[in-house]
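Q: structure of the sequence below:
(one chain, ligands or ions: 1)
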Amino acid sequence: MHIGSNNKKIVAVHDLSGVGRVSLMVAIPILSTMGFQVCPLPTAILSGHTQFPTFSFLDLTDEMERIIVQWKKLGMKFDAFYTGYLGSPRQAAIVSEFIADFSTEETPVIVDPVLGDNGKLYTSITEEMVVAMRQLIAHADLITPNMTELFFLLGKPYEEIISEDKLKAYLKELSETGPSIVIVTSVPIANDPTKTSVYAYDKDSHRYWRITCPYLPAHYPGTGDTFTSVITGAILQGDSLPMAMERATQFILQAIRATFGYDTSMQEGIMLEKVLHNLELPLQVSTYEKID
Ligand code: PXL
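A: The predicted structure follows:
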């Protein structure tokens, strides 16, 4: 009898930021806890994320090419690709080529198009990066923009609150550029500041999903990375799209609640360490809705 390892390998294409709990420092613990082997392809090394008042930044574009060459020589195979914050626009083309070379039709490609928040691009993200990100999402199966990123990717002026019908049309429009699933996070609800929602469109089944959860008046960097990491793990474990959304949303809420009670600076991010073990528990309740 041969007992083979069936641990899946996930390539994680994100930056490594020393402080602030974003990117690889979120993706690695979450996906490891969920039972996957994470293989980092680092895009940049920073002292901390770019929402700190100052930070160092080492662009790893050239090194990424060298890493990919070695993986190719070794005949490495991966079970999924998960990309986030890129260090330069050129990396979008490098990553697209890498994915085309190393994947099959069945390999899931998850792209978190990290560009900005609150209607603005992050410091260090340029218009050129927006164009590059549009090219990268064309190769993705599933993408997770927040509201700001949704507007930048579509090239439309940012609106804080839009009707559900308009949002549905925008999700469909973005899916037509490539990805079969588009999940948009941090959608405000008109006339109800106590709640926030997550919407998804699944192009293949023409279905829309919605999750509504309590809004906590706190804004921590890295929650988008946390959300997409849990989505990636849940989908690879075999969850349906709405159940994956449910797990990711509930996990973020637990993490924010675990953090909010302390008097820490928001720049330090959410206290993942306190809630990681929850990823090993089954969901007790679910609140997702299918919408028409
Ligand atoms: O969480 C998104 C993110 C990732 N990586 C870096 C960032 C940010 C958001 O500010 O600065 C370096």
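Q: any idea which element K290 lies in?
A: strand 289-291 (DSSP states H and E).
Q: output the contacting helices and strands for that strand.
A: Using 3 or more C-beta pairs under 8 Å, 6 or more residues apart in numbering; DSSP states H and E, the elements in contact with strand 289-291 are strand 207-214. Bear in mind the C-beta positions are built from the backbone N, C-alpha and C, glycine included.
Q: the single longest helix found in the chain - what's its average pLDDT?
A: For the chain, the longest helix by residue count, based on DSSP state H, is helix 241-260. The average of the pLDDT scores along helix 241-260 is 95.
Q: pretty sure P29 contacts L276?
A: Yes - with contact defined as C-beta atoms under 8 Å, P29 reaches L276; the gap is 5.8 Å.
Q: against the ligand, how distant is V184?
A: According to C-beta to the nearest ligand atom, to the nearest Å, V184 and the ligand sit 16 Å apart.
Q: for L276, see how far away that residue is.
A: 25 Å (C-beta to C-beta, to the nearest Å).
Q: okay, those two: which has more neighbours?
A: Neighbours were counted for V184 and for L276 using other C-beta atoms under 10 Å; V184 has more, 21 against 16.
Q: who's in contact with that one?
A: 144-147, 150, 167, 171, 198-200 (C-beta atoms under 8 Å, 6 or more residues apart in numbering).
Q: again, but for D59
A: 44, 87-88.
Q: same question for M129.
A: Contacts of M129 (C-beta under 8 Å, 6+ apart): 86, 88-89, 92, 115, 121.
Q: ok, residues contacting stretch 284-292?
A: 164, 168, 207-213, 242-243, 245-246.
Q: and with 7 Å instead?
A: Contact with stretch 284-292 is made by 207-211, 242-243, 245-246, as judged by C-beta atoms under 7 Å, 6 or more residues apart in numbering.
Q: hey, what's Y82 bridged with?
A: Y82 forms beta bridges with A12, I110, as assigned by DSSP bridges.
Q: separation between S88 and T249?
A: S88 is 32 Å from T249, by C-beta to C-beta.
Q: neighbour count: these two, which is higher?
A: The neighbour comparison of S88 against T249 (other C-beta under 10 Å) goes to T249, with 23 against 19.
Q: quick one: neighbours of Q237, just the number.
A: 14.
Q: sorry, back to before: most neighbours among the contacts of M129, which one is it?
A: So for those (other C-beta under 10 Å), the most neighbours sit at L86, 27 neighbours.
Q: tell me who's in contact with the residue lying closest to that residue once chain neighbours are set aside.
A: Nearest residue to L86, sequence neighbours excluded (C-beta to C-beta, 6 or more residues apart in numbering): T43, at 5.2 Å. T43 makes contact with 13-15, 60, 64, 85-87, 91 under the criterion C-beta under 7 Å, 6+ apart.
Q: all helices for the stretch 101-250 of the chain, in order.
A: Applying DSSP state H, counting those that start in this stretch to the stretch 101-250 of the chain gives helices spanning 127-137, 147-154, 164-175, 223-237, 241-260.
Q: what's the closest of these to G20?
A: For the helices of the stretch 101-250 of the chain, distance to G20 was read as C-beta to C-beta. The smallest value, 10.4 Å, belongs to helix 223-237.
Q: and M34, how far from T228?
A: 13 Å.
Q: could you do F152 as well?
A: Relative to T228, F152 is positioned 17 Å away (criterion: C-beta to C-beta).
Q: neighbour count winner among the two?
A: Using other C-beta under 10 Å as the criterion, F152 and T228 rank with T228 on top: 28 against 24.
Q: distance of that one relative to the ligand?
A: With C-beta to the nearest ligand atom as the criterion, T228 and the ligand are 10 Å apart.
Q: is that residue in contact with D112, as I believe?
A: Yes - contact criterion C-beta atoms under 7 Å: T228 and D112 qualify, at 4.2 Å.
Q: who touches both of these two?
A: What both T228 and D112 touch, as defined by C-beta under 7 Å, 6+ apart, is the set T144.
Q: possible to save the contacts of V184 as CSV with neighbour count and distance to the ligand?
A: Below are the contacts of V184 laid out as CSV (neighbours: other C-beta atoms under 10 Å; distance: C-beta to the nearest ligand atom, whole Å):
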residue, neighbour count, distance to the ligand
T144, 29, 12
P145, 29, 12
N146, 23, 10
M147, 24, 15
L150, 26, 16
L167, 21, 22
L171, 23, 21
V198, 25, 17
Y199, 23, 20
A200, 24, 20
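Q: look up how far S286 lies from the closest residue in space to W71 that isn't next to it in sequence.
A: Spatial nearest neighbour of W71, excluding adjacent residues (C-beta to C-beta, 6+ apart): F102 at 7.5 Å. Note on F102: its distance to S286, by C-beta to C-beta, is 34 Å.
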